[in-house]
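>>> give me a model of this one.
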Amino acid sequence: MKAAHKMCYDRILPKNMTSVQRTRSIGGRDRAISLIGKQWQNGSTLRIRFLGGTQAQQDMVREIAPQWTEHANLNFEFSDDPRAEIRVSFDENDGAWSYVGTDNSDIPLHAATLNLGWVDQGVILHEFGHMIGLSHEHQNPAGGIEWDEAKVIADLAGPPNFWDEATVRHNVLNKYSADQVHGTDFDPDSVMLYAFPDSWTTNMGGTKDNPDMSAQDKAFVAGALMYPGRTGGGGGAKDPTPIEVFRGVQAEISDSGEEDVFSFKVEEAGRHIVETAGSTDVVLVLFGPDSKTKKVAENDDGGQGQNSRIATDLQNGTYYAAVRHYNQDNGTGAYRIMVSAG
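Coordinates of the predicted model:
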């Protein structure tokens, strides 16, 4: 059965395997389908290095993967840089998979972050969709798919997948809760939706192969929830606002989907605290040292009320703090961001 043969394995970091789902949601709506806190900084350039593969395979990736950057305000740079954020392997015995968004920055530099066990347009776009922060469309809480669980588990237990029940539930059957994700209503044409046979569902029949990005895929990654600002193939990140350690900066998210970026220098390695204050509900992501794409930590409600707080040991260098409103649909408001040491 072709549909069962070509299944993507959604890689998840060990630290996230036992994460507790939160219980709040935005406006009572079912939302999907990018995980909160997994976006790269808007306007980032992501370096991509190949770990093997034929010239034809590499050329196909170079040609197809940048279709995402025609809509998302990101840039892909293919190179042999050993510090590349994304490392692509072509192991035909390891299926197709990718870590999601900034989770890639937690993988050792010698290891692959994305594998293409087979190479065609659909799988390249799908896995690079994961890489920029998108999740499986069939796990959209707004999807309404009702599975014949016993059939799905039985089919995927056999060749070529040999998945146990826990793996099947993680990659197919389980849906995200509405408070884990943000995005759009279920999109049957999304390239993030794989083909399933009729026998796997009890209420809507099978799904089809989607080798192209849908109109909704394109609009979503270009919109306020993901990577806005791509114009005429250009775009880029806003210049960060500098913060001095032990001093704060007053700021405001004035437009829905806005991302504010701040920078500060660590002159002496040690414990540092980056936190927000005020009544605006924000999400804080810290990158560095001397990198706008290597994620150090993220936090939502670790401070007072709905403020964010990151307390961690930092090495010397420049760090970047990205702040977004939790409700990226229409959330705005003023806040203060502060950095302290010791």
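
>>> and the gap between the residue lying closest to Pro211 once chain neighbours are set aside and Gly129?
Leaving aside its chain neighbours, Pro211 sits nearest to Gly122 (3.7 Å; criterion: Cβ to Cβ, 6 or more residues apart in numbering). Where C-beta positions appear, they are placed from N, C-alpha and C, glycine not excepted. From Gly122 across to Gly129, the span is 10 Å (Cβ to Cβ, to the nearest Å).

>>> with Thr280 instead?
For Thr280, the distance to Gly129 (Cβ to Cβ) stands at 30 Å.

>>> what about these two, which has more around it?
A direct count of neighbours by other Cβ atoms under 10 Å for Thr280 and Gly129 places Gly129 higher, at 27 against 22.

>>> correct me, but the more buried one touches Met192?
Yes. With contact defined as Cβ atoms under 8 Å, Gly129 and Met192 form a contacting pair (5.2 Å).

>>> mutual contacts of those two, please.
The overlap between the contact sets of Gly129 and Met192 (Cβ atoms under 8 Å, 6 or more residues apart in numbering) consists of Asp217.

>>> coming back round to it: what's the overlap in contacts for Gly122 and Gly129?
With Cβ under 8 Å, 6+ apart, Gly122 and Gly129 have common neighbours Val191.

>>> domains of this protein?
Listed domain ranges for the chain are 2-222, 241-341 (source: automatic domain parsing).

>>> least confident of those domains, on average?
Lowest mean pLDDT of the domains of the chain: domain 2-222, a mean of 79.

>>> and that domain, how far out from the chain middle?
9 Å (Cα atoms, centre = their mean, to the nearest Å).

>>> any idea how far Leu225 is from the residue most central in space within the chain?
Using Cα atoms, centre = their mean, the residue of the chain that lies closest to the mean C-alpha position is Gly133, 1.9 Å off. Using Cβ to Cβ, we find Gly133 at a distance of 10 Å from Leu225.

>>> before we move on, back to that, surely the residue nearest to the centre of the chain touches Gly101?
Yes. Using Cβ under 8 Å, Gly133 is in contact with Gly101, at 3.4 Å.

>>> ok, the residue lying closest to Glu127 once chain neighbours are set aside - how many residues close by?
Spatial nearest neighbour of Glu127, chain neighbours left out: Ser98 (4.4 Å); criterion: Cβ to Cβ, 6+ apart. If you count neighbours by other Cβ under 10 Å, Ser98 ends up with 26.

>>> and Met192, backbone torsions?
Main-chain dihedrals, Met192, degrees, to the nearest 10: phi -90, psi 10.

>>> one more: Val261?
Main-chain torsions, Val261, degrees, to the nearest 10: phi -120, psi 130.

>>> how about it, nearest residue that isn't a chain neighbour?
Looking at Val261 with Cβ to Cβ, 6+ apart, the closest residue is Pro240, at 4.3 Å.

>>> just the pLDDT at the one you found, thanks.
For Pro240, the predicted pLDDT is 90.

>>> my read: it touches Tyr320, true?
Yes. Counting by Cβ under 8 Å, Pro240 does reach Tyr320; the two are 5.8 Å apart.

>>> residue contacts, the residue nearest to Glu127?
Neighbouring residues of Ser98 by Cβ under 8 Å, 6+ apart: 8, 11, 104, 113-115, 127-128, 130-131.

>>> same check on Asp239?
Taking Cβ under 8 Å, 6+ apart as the test, what Asp239 contacts is Val261.

>>> wasn't it part of a helix?
No. Residue state for Asp239 (DSSP: H, G, I helix; E, B strand; the rest coil) corresponds to coil; a helix is not indicated.

>>> could you measure from it over to Ala222?
Relative to Ala222, and taking Cβ to Cβ, Asp239 is found at 21 Å.

>>> again, but for Ser105
Computed as Cβ to Cβ, the Ser105 to Ala222 distance reads 23 Å.

>>> what of Gln41?
Applying Cβ to Cβ, the value for Gln41 to Ala222 is 16 Å.

>>> before we move on, what about Glu77?
Where Ala222 is concerned, Glu77 sits at a distance of 20 Å (Cβ to Cβ).

>>> who has more neighbours, the two?
Ala222 (20 against 14).

>>> wait, doesn't the more buried one sit right on Thr69?
No. Ala222 is beyond contact range of Thr69, at 10.4 Å (criterion: Cβ under 8 Å).

>>> so for the two, which residues contact both of them?
Common neighbours of Ala222 and Thr69 (Cβ under 8 Å, 6+ apart) are Arg230.

>>> host element of Trp97?
Using DSSP states H and E, Trp97 sits in strand 96-98.

>>> strand partners of that strand, parallel vs antiparallel please.
Paired neighbours of strand 96-98 in the sheet (DSSP bridges): strand 8-10 (parallel), strand 114-116 (antiparallel).

>>> buried stuff in the last one?
Of all the residues in strand 114-116, those buried under the rule 16 or more other Cβ atoms under 10 Å are 114-116.

>>> which SSE is immediately downstream of that strand?
helix 121-131.

>>> roughly how far does the closest residue to Asn210 other than its chain neighbours sit from Asn307?
Nearest residue to Asn210, sequence neighbours excluded (Cβ to Cβ, 6+ apart): Val191, at 5.0 Å. Separation of Val191 from Asn307 (Cβ to Cβ): 37 Å.
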